[in-house]
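Colleague: Take this sequence and fold it.
(3 chains)
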Amino acid sequence: MPLWQGNPLELLHTRLNRCPTSSSSKCIYYIISISDSGLTITMTEISPTPHKSIDYTGAKLGMWLFLFTEIILFGGMFLGYSEYRQVNTSDFHDAAKEMSLFFGALNTIILLTSSLTMALSISAIKQGAKVRSMLLQATTIILGAAFLGNKFIEWREHILHGFYPDSPELLTMSHGKILYFGLYYVMTGIHGLHVLIGMGVICFMFVLTQLNKVSSTDYIKLENTGLFWHLVDIIWIYLFPLFYLIK
Amino acid sequence: MEASFYAAKGRYPGILGWIFATDHKRIGLLYLMSTLSFFFIGVLLGLTLRLELMRSGMHLYSAQTYNAIFTLHGVIMIFFFIIPGIPASLGNFIMPLQLGAPDVAFPKINILSWWLFMTGALLAITSLFTGGGAPDTGWTFYIPYSVRTGTNISLAVFGVFLIGLSSTLTGMNFLTTIHRLRAPGMTWKRLPLFTWAIYATGWVQLLATPVLAITLLLIIIERFMGVGFFDPAKGGDPILFQHMFWIYSHPAVYIMIIPAMGVISDIIPVFARKTIFGYAAIAVSSLAIAFFGYLVWGHHMFTSGMSDTARIIFSLLTFLVAVPSGVKVFNWVASMYRGSIKVDAPFLYALGFIFLFSIGGLTGLAQGALSTDLHIHGTYFIVGHFHYVIFGGAVFGMFAGLHYWYPKMFGRMYEEHLAKLAFVVLFIGFNVLYFPMFISGYLGMPRRYYDYLPEFNGPNLVSTIGSWILAMGLFILFYNLFHSLIAGKKASSNPWGGATLEWQTTSPPPHENFDKTPEVTKGPYTYH
Amino acid sequence: MEQKQALHIVGTKTFVVVWAILIFLTALTIEVAELQLAKLSMIANLLIASAKAILVLWFFMHLKYESTFFKLLLLIPIGTITIIIGLTFSDIWYR
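Modeller: This next block holds a predicted model:
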């Protein structure tokens, strides 16, 4: 009774489809054929479905260049902030009293910690610790959600007090206060949108990690996601003192 | 020998193989066809404007319609045609070939850029037919009118936002490509000057466009939520809008012109059979123009209410930006000196560029001087100036590039006599149309007005006639290019005897560009 | 163009220490704000924020371990923002 019977090429075909997709590994197969003349073992090295090999540094460069555009995007808003603060200094100080230092500081700590978990998740996958990396990614997402939850609470408070763009309450206030809140909503709003997008991308990475498409030999996608997340953290690092610490 | 890239079998058949293409050559052609279509619409709008302006007191259509038409003319020509312009079409097709690369760094992001471009353009066009109708603010969307007008600003502006995103991603893609995918031996000092230009432009696309993005978003937010950023009643500053708008839109004109200058730098050595004069100076001048371009935006705002200090500083900086452009013009002319010149169509368009761009550039100096600008700001002098630099400059540069790389892209030659005829008609029409604007502007005729005083009748009639001659020239040019797609003689791989890498592969190139990765051992303009 | 992915792995300890410094700096910046030194507080707080940003860039974003090219590249957006805000202020300060 033979150990195995069938068309060796078919077996090879099914094996190929379960090859890891990372470009740096290859599959080595032994084709064993037994004939009347004896046992023949052939060793064949096969690369899985040929695809372009990844330029790791190039992918990283592309991501950094994209981050530059985000810096400039927020830079435009910081330009507006600088002008209006320069012209309405005392009104800005006055308006900042409406902010909750507790929530601001809490959100800062949440985001800093999420940067930590993000960075750790990348170190983990580099070491091949798939489960640990996934747990850390999940933690990052949860911390991001906590940040957004806090923002929701803060915004709700302000809106209930009548401090929202074009509100009758706000229009009775000084110009500086109107502009302060305008800048507050637009800047933290666009920042929050980036937190949400970041969370979505990390979710996607979570799935890819599970499917081994992000692994110890191919982790550039996760690293680039991390770069995005850290930039979002850096922007908050500046937003915090500019809105919460100018009393 | 591999079949040409047109015949390559990808994942998707037929037209889907184009819409979902990841081959930079196909994507370049997609951009070429779409941007030229928008150019065609923009030309029709321009001709319509000139009809209304033919005579004082003419009332072909209402003032509101006129405002919408000139807004549309600007938005389409600038955002849908000339900003994607050379980089997205010729840059996409030719730059990787010049590097000896198989494609750009991020082919999927490349096609995503095109989808964003088309989506943005379609959304903006939709704004004509929905809501309050076509935007009527001028392409500059100045506050307060862009917030107060009932026309469909938000949709149009969001469309432009998407086009901006497309431009940013293309810049990122090209920068990474040039840094990472050069063939062995292709050092920075051996890069063709067209590629140097695409590189410098990439930095402008990357760093300037996000400012446009936030400015446009703020218009939409202002329209919907009345935040008050630019509203003096709420403490806002309308001049801040102009700052933010021009912080992008001035570098944007360098996105338009630097690639065109790159085309000229590649063409002149080939048709003079002589290496370029001052290679390093031209390469560095592209970077210098990109850099200085960030420092001069305030010269669009001399009459806006800015401080005197700012006005003086911006005027001074504006004079500086002319220097690297001057370096290029001098070097091009020096390259021709004692060359063995063959005046084929690409070279003719390059000469046209140098002449027309110089006029445009010199009139730019008249505008950059604060004292004179106070008189000519908002007049037809400005309109004449920017048409000379953008149309006479960037677009003629694009025409030069189209003729130069036509055999490479399509495997056929255009008809040379027709191309020369088109040039002559185009050149005459162009000057008849735009030169009188310097005169009427200097005499005080304001721009963006749908009617004017009878004293300006003369130059306006001349301009309108010029517009018809120009249109005829364009017709001959494009008839030639399209007709030659089917009837042109088959082209060899190197009909012009160029030394840059795109000429070392077939016309058109195969899917992977080169049979074997090229090894570069000499500079791009050595002809021995 | 195959590249061996740089296998430099930053240790957990380094990351946690950086995180602790960041938390400390956050507490510091709140204290400085409480001192109510007006302009001085603002400058100090922006400096502290920049220190935090540099820590995130250097360690979390791996810039310390990247080539000089990447480090120098960052000067470009910083320079651009500086020019944009600086030149605009030539208007705002003198109006």
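Colleague: what does stretch B:476-489 contact?
Modeller: With Cβ atoms under 8 Å, 6 or more residues apart in numbering or on different chains as the test, stretch B:476-489 has contacts from B:36, B:399, B:402-403, B:406, B:410, B:412-415, B:418-419, B:421-423, B:425-426. Every C-beta, even on glycine, is put in place using the N, C-alpha and C of the backbone.
Colleague: Same question for it: list its buried residues.
Modeller: Within stretch B:476-489, the residues that count as buried by 16 or more other Cβ atoms under 10 Å in any protein chain shown are B:476, B:477, B:478, B:480, B:481, B:484, B:488.
Colleague: Identify the residues contacting the most centrally placed residue in chain C.
Modeller: Nearest to the geometric centre of chain C sits residue C:53, at 2.5 Å (Cα atoms, centre = their mean). For residue C:53, the contact set (Cβ under 8 Å, 6+ apart) comprises A:234, A:237, A:238.
Colleague: Equivalent analysis for residue B:300, please.
Modeller: Residue B:300 makes contact with B:242, B:246, B:249, B:250, according to Cβ under 8 Å, 6+ apart.
Colleague: now with 6 Å?
Modeller: If you count contacts by Cβ atoms under 6 Å, 6 or more residues apart in numbering or on different chains, residue B:300 has them with residue B:246.
Colleague: roughly how far apart are it and residue B:446?
Modeller: Noted for residue B:300: a distance of 16 Å to residue B:446, by Cβ to Cβ, to the nearest Å.
Colleague: before we move on, what about residue A:140?
Modeller: Note on residue A:140: its distance to residue B:446, by Cβ to Cβ, is 57 Å.
Colleague: Looking at those two, which is more packed in?
Modeller: residue A:140 (27 against 14; other Cβ atoms under 10 Å in any protein chain shown).
Colleague: Residue A:116 is in contact with the more buried one, correct?
Modeller: No - taking contacts as Cβ atoms under 6 Å, residue A:140 lies outside contact range of residue A:116: 8.9 Å.
Colleague: So for the lowest-mean-pLDDT helix or strand in chain C, what gets flagged as buried?
Modeller: The weakest-scoring helix or strand in chain C, judged by mean pLDDT, DSSP states H and E, is helix C:39-55 (a mean of 92). Neighbour counts over helix C:39-55 (16+ other Cβ under 10 Å) mark C:41, C:42, C:44, C:45, C:48, C:49, C:51, C:52, C:53, C:55 as buried.
Colleague: which one among the residues you listed gets closest to residue A:129?
Modeller: residue C:55 (24.6 Å; Cβ to Cβ).
Colleague: For stretch A:222-232, which outside residues touch it?
Modeller: A:63, A:67, A:70, A:115, A:118, A:122, A:125, A:194-195, A:198, A:201-202, A:205, A:214, C:56, C:60-61.
Colleague: For it, output the C-alpha coordinates as PDB.
Modeller: Output of stretch A:222-232 as PDB, limited to C-alpha atoms (Å, rounded to 0.1, in the frame of the first residue of the first chain):
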ATOM      1  CA  LEU A 222       1.700  48.000  10.900                       C
ATOM      2  CA  GLU A 223       4.800  50.200  11.200                       C
ATOM      3  CA  ASN A 224       3.300  52.800   8.900                       C
ATOM      4  CA  THR A 225       0.000  52.600  10.800                       C
ATOM      5  CA  GLY A 226       2.000  53.300  13.900                       C
ATOM      6  CA  LEU A 227       3.600  56.400  12.300                       C
ATOM      7  CA  PHE A 228       0.200  57.800  11.500                       C
ATOM      8  CA  TRP A 229      -1.100  57.100  15.100                       C
ATOM      9  CA  HIS A 230       1.900  58.800  16.700                       C
ATOM     10  CA  LEU A 231       1.500  61.900  14.500                       C
ATOM     11  CA  VAL A 232      -2.200  62.100  15.700                       C
END
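Colleague: Disregarding residues adjacent in the polypeptide, which is nearest to the one residue in chain A that gets nearest to chain B?
Modeller: Closest to chain B within chain A is residue A:175: 2.6 Å, counting by Cβ to the nearest Cβ. Closest residue to residue A:175 apart from its sequence neighbours, by Cβ to Cβ, 6 or more residues apart in numbering or on different chains: residue B:235 at 2.6 Å.
Colleague: The one you found - how many residues pack around it?
Modeller: Residue B:235: 21 neighbours (other Cβ under 10 Å).
Colleague: So it sits against residue A:179, correct?
Modeller: Yes - using Cβ under 6 Å as the test, residue B:235 is close enough to residue A:179 to be in contact (4.9 Å).
Colleague: Leaving out sequence neighbours, find the closest residue to residue B:250.
Modeller: Closest residue to residue B:250 apart from its sequence neighbours, by Cβ to Cβ, 6+ apart: residue B:297 at 4.0 Å.
Colleague: interface residues of chain C facing chain B?
Modeller: C:80, C:83, C:84, C:88, C:90, C:91, C:94, C:95 (Cβ under 6 Å from any Cβ of the partner chain).
Colleague: Give me the distance from stretch B:324-338 to the chain's centre.
Modeller: In terms of Cα atoms, centre = their mean, to the nearest Å, the centre of stretch B:324-338 is found 21 Å from the chain centre.
Colleague: again with stretch B:208-226
Modeller: Taking the mean of its C-alpha atoms, stretch B:208-226 sits 23 Å from the chain's own mean (Cα atoms, centre = their mean).
Colleague: ok, now stretch B:258-276?
Modeller: With Cα atoms, centre = their mean, you get 18 Å for stretch B:258-276.
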